[in-house]
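J.: Predicted model and sequence follow; I will ask about them next.
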Amino acid sequence: MALTRSKQDYVKALLVLAPAGEPVGTSRLAARLKVSAPSVTNMLARLAREGLVTHTPRAGARLTARGRREALGMVRRHRILETFLVRVLGLAGSEVHADAEVLEHHVSDRVLAAIDRLVGHPDHDPHGRPIPDARGRMRPRVGS
């Protein structure tokens, strides 16, 4: 089952906030996503029922293996799109994040694969962050 945009945003935020899989508190997640803490609690309960996270109130939430795969897929989409926007469309790297946030939810897998080919299957995005490969493996970050 495909995840809604909101669920995609939550799993991606959990990965970004806790790349090593440590628990993320409701308030940190709420701040990242610019939503209320009760909204986060409600969504985490839904994500837990779907097997995407484990959530213990006051202890935080963690991605499950399935949730981590979904999140890495979203990070991959976002970073490939940022690379495309910079390399092909010539937009400034400092300006592409918001556009990639919108596009990542609307580009089909087929179009994303074509964009990835067009930009030469990059290992890192324009900001030096690693792009997960198609199997979800992350390479080390370039530079510091």
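T.: Looks like it came in fine.

J.: How are the helices of the chain distributed by residue range?
T.: Assignment of helices within the chain using DSSP state H yields the ranges 5-17, 26-33, 37-49, 65-87, 97-103, 109-118.

J.: Serialize those helices to JSON lines and add fields for distance to Ala134 and mean pLDDT.
T.: Heads up, the C-betas are built off the backbone N, CA and C, glycines and all. Supplementary listing: the helices of the chain in JSON lines, determined by distance: least, CB to CB, whole Å; pLDDT from 0 to 100:
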{"stretch": "helix 5-17", "distance to Ala134": "17", "mean pLDDT": "96"}
{"stretch": "helix 26-33", "distance to Ala134": "26", "mean pLDDT": "96"}
{"stretch": "helix 37-49", "distance to Ala134": "24", "mean pLDDT": "96"}
{"stretch": "helix 65-87", "distance to Ala134": "8", "mean pLDDT": "96"}
{"stretch": "helix 97-103", "distance to Ala134": "18", "mean pLDDT": "95"}
{"stretch": "helix 109-118", "distance to Ala134": "8", "mean pLDDT": "96"}
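
J.: show me what contacts Glu82?
T.: The neighbours of Glu82, taking CB atoms under 8 Å, 6 or more residues apart in numbering as the test, are 93, 96-97, 100, 125-127.

J.: Distance from the chain centre to stretch 61-69, please.
T.: If you compare the mean C-alpha spot of stretch 61-69 with that of the full chain, they lie 12 Å apart, counting by CA atoms, centre = their mean, to the nearest Å.

J.: which parts of it are buried?
T.: Judged by neighbour count using 16 or more other CB atoms under 10 Å, the buried positions of stretch 61-69 are 61-64, 67-68.

J.: distance of the residue located most distally from the centre of the chain from Ala100?
T.: Going by CA atoms, centre = their mean, the residue of the chain most distant from its centre is Arg58, 23.7 Å out. As for Arg58, its distance to Ala100 is 34 Å (criterion: CB to CB, to the nearest Å).
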